[in-house]
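Peer 1: Any chance you could fold what I've pasted below:
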Amino acid sequence: MTPTQNYDIISPCTPILSADPNAKEDVMDQQKITIIYCRLSVEDIKENSKGGKADESNSIQNQREFLTRYAKEHGYTNLKILVDDGYTGTNFNRPGVQEGFELVKQGLVGCWLVKDLSRFGRDYLTVGQYTDIIFPSYDVRFIAVNDGVDSERGDSEGMAAIRNLFNEWYPRDTSKKVRVSLHQRGTSGKHMGKPPYGYRCDPADKDHWILDEDAAPIVKYIFDLTVSGKGPDAIARILEDQKVLTTKALYAQRKGKPMPERPYHWAGQSVAGILERMEYTGCTCNFKTYSKSYKLKQRIPNSPEDMFILPDTQDAIVSQAQWDRVQELRKNKRRPAKAERQGFFSVLLFCPDCGNKLHFATCKSFEGKQDHYVCSSYKSGRGICSAHYIREDVLREMVLERIRAVNEYIRNDVEGFQEEWLHCRRADQEQSIRDDKKRVEQAKKRLADLDIIISRLYEDFVLGNLNQERYRKMSADYEAEQERLKLEIEVTEEWVEQQNEMNDGLDAFIALTKKYVDVTELTPTIVNEYIKKIEVFAPDKSSGKRRQKIKIYFNFVDEVDIPVFSEPSIAESTYGRRKTA
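Peer 2: You can find the predicted model right below:
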């Protein structure tokens, strides 16, 4: 039998038997190969382990001896033994089985022997396609000795299908047990992975992390450099210049293994990975990724709400405030500039009229103080906004003056600042918070009511009291309302939680002003630690002078109202942009 079908449906591995069987060699006069196939997965070893000693019944050696003896007793010669040791049976991406399939495709195989069907594979659909369709198409006899399956005897096909289903159920059940075990461990607060660079396992308790005296300061240094305005690639170059051992080089040095050729060559990607690790704040962060199926090895990032985060499980290397600030800076990456340098306030400046960012621009034909920012909407020529032009040196003076004024205000009257700030926020927000909480309660009650309504709607449909078209329309409307309510509850609860955390932000901002007692000059670190964003208003020239207002939003507290300076910072001058002919 030489069918012309093309078997491209094999899954989940890339099929190698898709060639036309008509193309196989003429080997009728040659003695065909009998393949003895042996497989043992890591999971099999763990499952069969008893008393610290692996069960030998399914070992590779046992399978090899068992099948070799069977082949000789039944007159099979020209044996070829193929082994996949440590490979799962849930897919066919295995070197041994792929080598065998290649021989089958060439028409060189007469018989394929396995100890039982589970050794061949645990994906019942793919196993069935090979044993019932492909092997017969290439005149290959398939025998699973212990299961009594022989493709030349049709009476075993039904039992083979049942065994294939059971063999697939086994890894599915094992996967479920593993997931339950991992979930229990993860939600107990124990770490589910190895310590990241900067930590090591506590010798007294392997589930507890302690600071790595050599690496922890480097992690802190990386975060500090990021706050100062450096990107991952720039930080990598700094670490290399300072001859800081990479993570792999440090591990090799401690284990007495050969050092990498370039032990100080940091990659920007490695630095970025460190900046993303929430564990450096002292928390346990589990379930960061998941897999859609036990058959798929690909890990998919989990959403933050599906992670398990437990704070204060080990000493922190960076504060939560600094980690949050770094994530904000990483999210608002600087736009690559054509100029040789980046703007001092890049990613922080916004237009209050159109909401877009202000872009940095240099003037090569003039002195450096002509460097400036303009609204990106205006610069793009779309005509939807004005320039909002402001020089960088003027903006530096305005921001420095504002930071110094805020520091002085808090230093002289910290209690008054706290009282005024809380009063302003609470006067506006306490009633809003109460209203929002009430709205959330009403939404949750409505959600519960909708579940009952949809259930009764289905009963009416089943009993014939409601036609199908009407049922579909009404159920779709109710389900859409449910989705809207769920989104409203999620957004509102998140906002209420943010308002409840405001006191923590107030304390953090006061601590920041104590850290920088006398600010005489702006640095990228100071700007990034103090400022969340700056709105630059369009200039007002109605008085004959150019007056321009900015509004500074500080980290943790947003706006700060200073009694002496009740209005936002204003720059006043008689200069304008240099006119060109």
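Peer 1: CA only for contacts and neighbour counts going forward, please
Peer 2: Fine.
Peer 1: tell me which helix or strand of this structure sits lowest on mean pLDDT?
Peer 2: Counting by mean pLDDT, DSSP states H and E, the weakest-scoring helix or strand in the chain turns out to be strand 53-54, with a mean of 45.
Peer 1: Output the contacting helices and strands for the helix or strand just after that strand.
Peer 2: Scanning forward in sequence from strand 53-54, with DSSP states H and E defining helices and strands, the next element found is helix 60-73. With contacts defined as 3 or more C-alpha pairs under 8 Å, 6 or more residues apart in numbering; DSSP states H and E, the secondary structure elements packing on helix 60-73 are strand 33-40, strand 79-85.
Peer 1: need the strands for the stretch 201-350 of the chain, in chain order.
Peer 2: Secondary structure of the stretch 201-350 of the chain by DSSP state E, counting those that start in this stretch: the strands cover 205-211, 284-286, 289-290, 300-301, 308-310, 349-350.
Peer 1: Least reliable of those strands by average pLDDT, please.
Peer 2: Of all those, the minimum mean pLDDT falls on strand 289-290 (a mean of 60).
Peer 1: sorry, back to before: can you lay out the strands of the stretch 201-350 of the chain as JSON lines showing mean neighbour count and distance to residue 190?
Peer 2: Compiled in JSON lines, the strands of the stretch 201-350 of the chain are given as follows (neighbours: other C-alpha atoms under 10 Å; distance: least, C-alpha to C-alpha, whole Å):
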{"stretch": "strand 205-211", "mean neighbour count": "16", "distance to residue 190": "6"}
{"stretch": "strand 284-286", "mean neighbour count": "23", "distance to residue 190": "7"}
{"stretch": "strand 289-290", "mean neighbour count": "13", "distance to residue 190": "16"}
{"stretch": "strand 300-301", "mean neighbour count": "12", "distance to residue 190": "20"}
{"stretch": "strand 308-310", "mean neighbour count": "18", "distance to residue 190": "9"}
{"stretch": "strand 349-350", "mean neighbour count": "24", "distance to residue 190": "42"}
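Peer 1: Look through this protein and tell me its longest helix.
Peer 2: With residue count as the measure and DSSP state H as the assignment, the chain has helix 414-462 as its longest helix.
Peer 1: tell me how far stretch 62-76 is from the chain's mean position?
Peer 2: Stretch 62-76 sits 49 Å away from the centroid of its parent chain (C-alpha atoms, centre = their mean, to the nearest Å).
Peer 1: Indicate which one of the strands of the stretch 201-350 of the chain is closest to residue 395.
Peer 2: Closest of the strands of the stretch 201-350 of the chain to residue 395 is strand 349-350, at 10.4 Å (criterion: C-alpha to C-alpha).
Peer 1: all helices for the stretch 101-250 of the chain, in order.
Peer 2: According to DSSP state H, counting those that start in this stretch, the stretch 101-250 of the chain carries its helices in the segments 117-120, 124-129, 135-137, 157-187, 216-227, 232-241, 247-255.
Peer 1: rank those by pLDDT, which is bottom?
Peer 2: Looking at the helices of the stretch 101-250 of the chain, the lowest mean pLDDT belongs to helix 157-187 (a mean of 52).
Peer 1: so what secondary structure elements neighbour the longest helix of the chain?
Peer 2: helix 468-500.
Peer 1: List of residues touching stretch 201-217?
Peer 2: Under the criterion C-alpha atoms under 8 Å, 6 or more residues apart in numbering, residues 190-191, 195, 197-200, 313-315, 317 lie in contact with stretch 201-217.
Peer 1: want to throw those residues into a markdown table with neighbour count and distance to residue 147?
Peer 2: Written out in a markdown table, the entries for those read as follows (neighbours: other C-alpha atoms under 10 Å; distance: C-alpha to C-alpha, whole Å):
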| residue | neighbour count | distance to residue 147 |
| --- | --- | --- |
| 190 | 18 | 43 |
| 191 | 20 | 42 |
| 195 | 17 | 45 |
| 197 | 21 | 50 |
| 198 | 21 | 53 |
| 199 | 24 | 51 |
| 200 | 18 | 49 |
| 313 | 19 | 51 |
| 314 | 17 | 53 |
| 315 | 15 | 56 |
| 317 | 21 | 58 |
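Peer 1: Save those residues as JSON lines, and put in distance to residue 138 and pLDDT too.
Peer 2: Formatted as JSON lines, the contacts of stretch 201-217 follow (distance: C-alpha to C-alpha, whole Å; pLDDT from 0 to 100):
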{"residue": "190", "distance to residue 138": "53", "pLDDT": "75"}
{"residue": "191", "distance to residue 138": "51", "pLDDT": "73"}
{"residue": "195", "distance to residue 138": "52", "pLDDT": "89"}
{"residue": "197", "distance to residue 138": "54", "pLDDT": "93"}
{"residue": "198", "distance to residue 138": "57", "pLDDT": "92"}
{"residue": "199", "distance to residue 138": "57", "pLDDT": "92"}
{"residue": "200", "distance to residue 138": "56", "pLDDT": "91"}
{"residue": "313", "distance to residue 138": "60", "pLDDT": "85"}
{"residue": "314", "distance to residue 138": "61", "pLDDT": "88"}
{"residue": "315", "distance to residue 138": "63", "pLDDT": "92"}
{"residue": "317", "distance to residue 138": "63", "pLDDT": "94"}
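Peer 1: any chance of those residues in CSV, plus distance to residue 33?
Peer 2: Written out in CSV, the entries for these read as follows (distance: C-alpha to C-alpha, whole Å):
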residue, distance to residue 33
190, 52
191, 50
195, 50
197, 52
198, 55
199, 55
200, 53
313, 60
314, 60
315, 62
317, 62
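Peer 1: Can you tell me which of the residues you listed is closest to residue 266?
Peer 2: Minimum distance to residue 266 across the contacts of stretch 201-217 is 13.2 Å, recorded for residue 197 (C-alpha to C-alpha).
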